[in-house]
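S.K.: Model the structure of this input:
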Amino acid sequence: MIPNRTHSTRLVMAGLAVAFAVACVPRDTETSAVRRGDEAFAQADYDEALAEYRLAIRQGANDPSVTARVAHTYVMMGRVDDAGAYYVDASARDPGLTDQAVSDLMRLARIAQDGNDRFAMATAVETALELRPGVGVGGMALPLARHYYRNGEYGRALPFYQKALADAVDESQPEVVFEVGVAHDEIGDCENALVFFERFLTMVRPWERGEAEWYIGTCAYNLARGLLDQAAAEDPEQVEADLERALELVNRTIDVGQPQTIQAQAFFEKGEILAELGRCQEAMDAYAQVRYADQAGTLIDRAQDRFDEIRFGRGLEHLREGRCR
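M.R.: This next block holds a predicted model:
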């Protein structure tokens, strides 16, 4: 019986040894692939290094440092998209790799900037910001802003314009100020757009102001219309303030004379606001100007009716109590 027990024990131990050896083969293979990759990388044979690192991953290597090796190799090869994707994966599994990832990606961004490759620069910076929001972009702020601006991505352009202006980068360039105004206008932010367009006017000669004045006139009129639309639902004190602000805005549209196609509407709205404010003679003067500004003639009759209503005191139900009666 004893010999049989000894024989059985030997068989079990042999089986465990074989199982252990088999279990260790993949790990050894992965380690060998990583080691070969490191050796190839040290010799600047990045294609070979990449092949070995990726082989290790296919063989089951789950260590984020191997994924980071792949990303870093892609960096050395200048492949921004691939480097970013592998660094995002590696950093998600090991946040300690984030510093290396951000450093590498910003290095790629600077190289791309020097090579005038705006798309690669933007891709690298976007990934770096994804990994570490708020990372400084240095002298790339304005190029990034203009990259997004020229591609119609105005919302993405504005934060980089703001960084550039905050760092006093080219803030004295009128075209930068103009671009910021356009970006605000394109996302529907007329209030801030006006600030930058008005600033632009102070920086250029009179004959260079035409396009900015068009934007100013359009934005000012649209803001005025928005204030007038909301005034009907507000308390009297706030209505008064909104009417005064709307008057300033339509006056600005009239001052710049742009766009020419809405000058008649601007004079008509000015008349309406002044009538609501009880400034009757000024309202009549504004209505009278409509005939000179309305090339199509669509507002002339309405303006004349309003003029007559104030002058002769007829049909003033549309006006608030006590205004221009």
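
S.K.: Output the helix or strand hosting residue 269 in CSV with nothing but the alpha carbons.
M.R.: Using DSSP states H and E, residue 269 falls within helix 263-276. Extracted C-alpha coordinates of helix 263-276, given in CSV (Å, rounded to 0.1, in the frame of the first residue of the first chain):
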residue,chain,number,x,y,z
GLN,A,263,-32.2,101.1,-40.9
ALA,A,264,-35.9,101.7,-41.5
GLN,A,265,-36.8,99.1,-38.8
ALA,A,266,-34.3,100.7,-36.4
PHE,A,267,-35.9,104.1,-36.8
PHE,A,268,-39.4,102.6,-36.5
GLU,A,269,-38.4,100.7,-33.3
LYS,A,270,-36.8,103.9,-32.0
GLY,A,271,-40.1,105.7,-32.5
GLU,A,272,-42.0,102.9,-30.6
ILE,A,273,-39.6,103.0,-27.7
LEU,A,274,-39.7,106.8,-27.4
ALA,A,275,-43.5,106.7,-27.5
GLU,A,276,-43.5,104.2,-24.7
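
S.K.: which strands and helices sit next to that helix?
M.R.: Helix 263-276 makes packing contacts with helix 210-231, helix 236-256, helix 280-293, helix 300-312 when contacts are defined by 3 or more Cβ pairs under 8 Å, 6 or more residues apart in numbering; DSSP states H and E. All C-beta spots, glycine's among them, are computed from the backbone N, C-alpha and C.

S.K.: which residue packs closest to residue 120, ignoring adjacent ones?
M.R.: Closest residue in space to residue 120, ignoring its immediate chain neighbours: residue 112 at 3.8 Å, by Cβ to Cβ, 6 or more residues apart in numbering.

S.K.: if I look at the one you found, how far off is residue 297?
M.R.: Relative to residue 297, residue 112 is positioned 57 Å away (Cβ to Cβ, to the nearest Å).

S.K.: more neighbours, those two?
M.R.: Neighbours of residue 112 and residue 297, each counted by other Cβ atoms under 10 Å, are more numerous for residue 112; the result is 22 against 10.

S.K.: Which phi and psi values does residue 73 adopt?
M.R.: Main-chain dihedrals, residue 73, degrees, to the nearest 10: phi -70, psi -40.

S.K.: so it sits right up against residue 41, yeah?
M.R.: Yes. Judged on Cβ atoms under 8 Å, residue 73 makes contact with residue 41 at a distance of 6.4 Å.
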